[in-house]
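S.K.: Got a predicted structure here, sequence first:
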Amino acid sequence: MKAQKFTLLVIDDNDDERFFIRKAFQTLGTKYRVHALESGNEAVAYLKGEGKYGDRAKFQFPSYIITDLQMRNGDGFEVLDFLKRNPALSIIPVVMLSTSDDPDDIRQAYLLGASSYFVKRQGLEELRALLRKIHDYWAECEVPEVDESGYAVATSSAGKPGARFIKPKRRTP
């Protein structure tokens, strides 16, 4: 099942980067509603549906996330760690888009569950081309169905290869 909703969460503490990524998705002719946030802490509140993000009609659970790594007030690792600690939410693909090409940062991002890691390209056209590839890839991927809160909809694994694995359950507060 392809993404049911076309909501993209962009997390970057640089105003210009957020603006450019949002603009790039608009000019690519995508159908995504882009929500641009400036910190990992704000993104966790969004994913939890806390505060102003509680209105899931306005702030739909994202189809995927593009996040910077190095940010004030919660970095990209904190977003990945939150998702990893909440397996019922962790089905969302997370694309790391960072200026860091440090092998330790790249390794840690994947250990925490990043779906992919890209070093930010220099120049607007190069970045736009990369964003097009990212969009095209994730628009074609099959993803599990989720409810309006972002939790995976229960499926039946009886008699299937996946039956032997424990399914993540929604945590109750």
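M.R.: Received, thanks. Numbers count the residues shown, from 1 in each chain.
S.K.: how much space is there between A57 and A36?
M.R.: Going from A57 to A36 by C-beta to C-beta, to the nearest Å gives 19 Å. (Each C-beta comes from the backbone N, C-alpha and C, glycine too.)
S.K.: who's more crowded, the two?
M.R.: Neighbours around A57 and A36, counted as other C-beta atoms under 10 Å, are more numerous at A36. The numbers are 16 against 6.
S.K.: got the contact list for the more buried one?
M.R.: V10, I11, D12, R18, F19, I21, R22 (C-beta atoms under 8 Å, 6 or more residues apart in numbering).
S.K.: Please work out the average pLDDT along the helix or strand it falls within.
M.R.: Taking DSSP states H and E as the criterion, the element that holds A36 is strand 33-37. Over the span of strand 33-37, the pLDDT mean works out to 92.
S.K.: what's near enough to touch D15?
M.R.: With contacts defined as C-beta under 8 Å, 6+ apart, the neighbours of D15 are E38.
S.K.: For the closest residue to A36 other than its chain neighbours, give its distance to D12.
M.R.: Ranked by C-beta to C-beta, 6 or more residues apart in numbering and with sequence neighbours excluded, the top spatial neighbour of A36 is R18, at 4.1 Å. Between R18 and D12 the computed distance is 5 Å (C-beta to C-beta).
S.K.: any shared contact partners between the two?
M.R.: Common contacts of R18 and D12 (C-beta under 8 Å, 6+ apart): A36, E38.
S.K.: Of the two, which one has the most company?
M.R.: Counting neighbours by other C-beta under 10 Å for R18 and for D12 shows that D12 has the greater number, 25 against 19.
S.K.: so that one makes contact with M71?
M.R.: Yes: because the distance of 7.0 Å satisfies C-beta atoms under 8 Å, D12 is recorded as touching M71.
S.K.: Now do the shared contacts for those two.
M.R.: Common contact partners of D12 and M71 (C-beta under 8 Å, 6+ apart): E38.
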